[in-house]
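Q: Turn this into a model:
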Amino acid sequence: NKQSLTEVAKRLKVHPVTLSRQFPRYYNCNIGEYLRQLRIERAVSLLSKKSISIADIAEHCGFSEASNFIRCFKKQKGITPEAYRKMI
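A: Predicted coordinates:
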């Protein structure tokens, strides 16, 4: 479930600009980075289920393409999802 800044701001009942400016003060990253981190953590839990393909995990976690998921995963975890899956 991919969420936009506007959707998150609406849920929190604040203006998107306010959320965008205040968020890094508390989380040391912008909201987009934070949401990507959450999606990667969701993917980590799914990687233990070897019957689910990497592409399906990427789609389930809100990535538009598997290649984008793999790039984000590697940036955050230091290894590819496939390499991570082999380690667990």
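Q: And the helix or strand harbouring Arg21, what does it pack against?
A: Here Arg21, judged by DSSP states H and E, is contained in helix 16-27. Counting contacts by 3 or more CB pairs under 8 Å, 6 or more residues apart in numbering; DSSP states H and E, helix 16-27 packs against helix 5-12, helix 31-47. Quick note: C-beta positions are derived from backbone N, CA and C, even for glycine.
Q: The ones you listed: lowest mean pLDDT?
A: Taking the mean pLDDT of each of these, the lowest value is held by helix 5-12, a mean of 91.
Q: And Arg11, how far from Leu19?
A: 10 Å (CB to CB, to the nearest Å).
Q: The two - which one has more neighbours?
A: Using other CB atoms under 10 Å, the more surrounded residue of Arg11 and Leu19 is Leu19, with 17 against 10.
Q: ok, how many other residues are close to the closest residue to that one other than its chain neighbours?
A: Nearest non-adjacent residue to Leu19, counting by CB to CB, 6 or more residues apart in numbering: Ala9, 4.5 Å away. Ala9 has 18 neighbours, counted by other CB under 10 Å.
Q: and what of Ala58?
A: Around Ala58 sit 23 other residues, with neighbours defined as other CB under 10 Å.
Q: what's the answer for Ser51, then?
A: For Ser51, the count of nearby residues is 5 (other CB under 10 Å).
Q: helix or strand for it, which one?
A: Judged by DSSP H and E, Ser51 forms part of no helix or strand.
Q: mind checking pLDDT for it?
A: Listed pLDDT for Ser51 reads 96.
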